[in-house]
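Undergrad: What follows is a protein structure lacking sequence information:
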């Protein structure tokens, strides 16, 4: 029996895993649990070479209705490569205590289909690695629904505060500049 095809397939697989690890920025090199789920997502695989819109979210904030426009951005730009990721956080004391309630707000109340991750800190020394990186590149979020547009290689980061609506021309132009 010829084992060459199996060996070649395995070698190609190992090379692609190695290439992915080499091109993945450190701040995205992690497995993160999805919101109200035991399932995890590998942020390197999810974002590899793609522009990303990262948002720190909260369920009980005056800006929470922005979920609807964020979902519209996701639908409008996902086929062009944009990845939208929501990071619920209670850093500003406006997130539900139970993830099932956060999930209800996102998935049922606002119909979110983009990736939502488990609740985590987004500022200070406890911030997750993604937001530590974003704080180094621009600044830590000063409130909920700060938006960060990140280029596919992770080098360009543009920050938009809570008042900048997801459907604003300013944010859309930033997204289109990294597509």
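TA: Structure's in. What do you need? Owing to the predicted nature of the structure, the values given are computational and were not obtained by experimental measurement.
Undergrad: which residue packs closest to residue 127, ignoring adjacent ones?
TA: For residue 127, ignoring the flanking residues on the chain, the nearest one in space by Cβ to Cβ, 6 or more residues apart in numbering is residue 121 at 5.1 Å. Every C-beta, even on glycine, is put in place using the N, C-alpha and C of the backbone.
Undergrad: tell me which element that neighbour is part of?
TA: Using DSSP states H and E, residue 121 maps to neither a helix nor a strand.
Undergrad: Then residue 171?
TA: Applying DSSP H and E as the criterion places residue 171 in helix 169-178.
Undergrad: Give me the buried positions along that helix.
TA: The neighbour-count check on helix 169-178 (16 or more other Cβ atoms under 10 Å) flags 171, 174, 175, 178 as buried.
Undergrad: Need the pLDDT of the first one.
TA: Confidence per residue is given as pLDDT, and for residue 171 that number is 98.
Undergrad: Contact partners for it?
TA: When contacts are counted by Cβ atoms under 8 Å, 6 or more residues apart in numbering, residue 171 touches 73, 147, 149, 160, 164, 165.
Undergrad: which of these tops the neighbour count?
TA: residue 147 (25 neighbours; other Cβ atoms under 10 Å).
Undergrad: hang on, the earlier thing: pick out whichever of the buried residues of helix 169-178 sits closest to residue 45.
TA: Using Cβ to Cβ, residue 178 is the member of these that sits closest to residue 45, with 19.2 Å.
Undergrad: measure that closest one to residue 90 for me?
TA: 29 Å (Cβ to Cβ, to the nearest Å).
Undergrad: Equivalent analysis for residue 114, please.
TA: 20 Å.
Undergrad: can you give me the strands in the protein?
TA: With DSSP state E applied, the chain shows strands at 31-33, 40-42, 52-57, 83-88, 115-116, 147-150, 157-160, listed in chain order.
Undergrad: Out of these, which gets nearest to residue 24?
TA: Relative to residue 24, the nearest member of those by Cβ to Cβ is strand 40-42, separated by 9.1 Å.
Undergrad: strand partners of the closest one, parallel vs antiparallel please.
TA: If you go by DSSP bridges, strand 40-42 pairs up with strand 31-33 (antiparallel).
Undergrad: I'm done for today, thanks for sticking with me.
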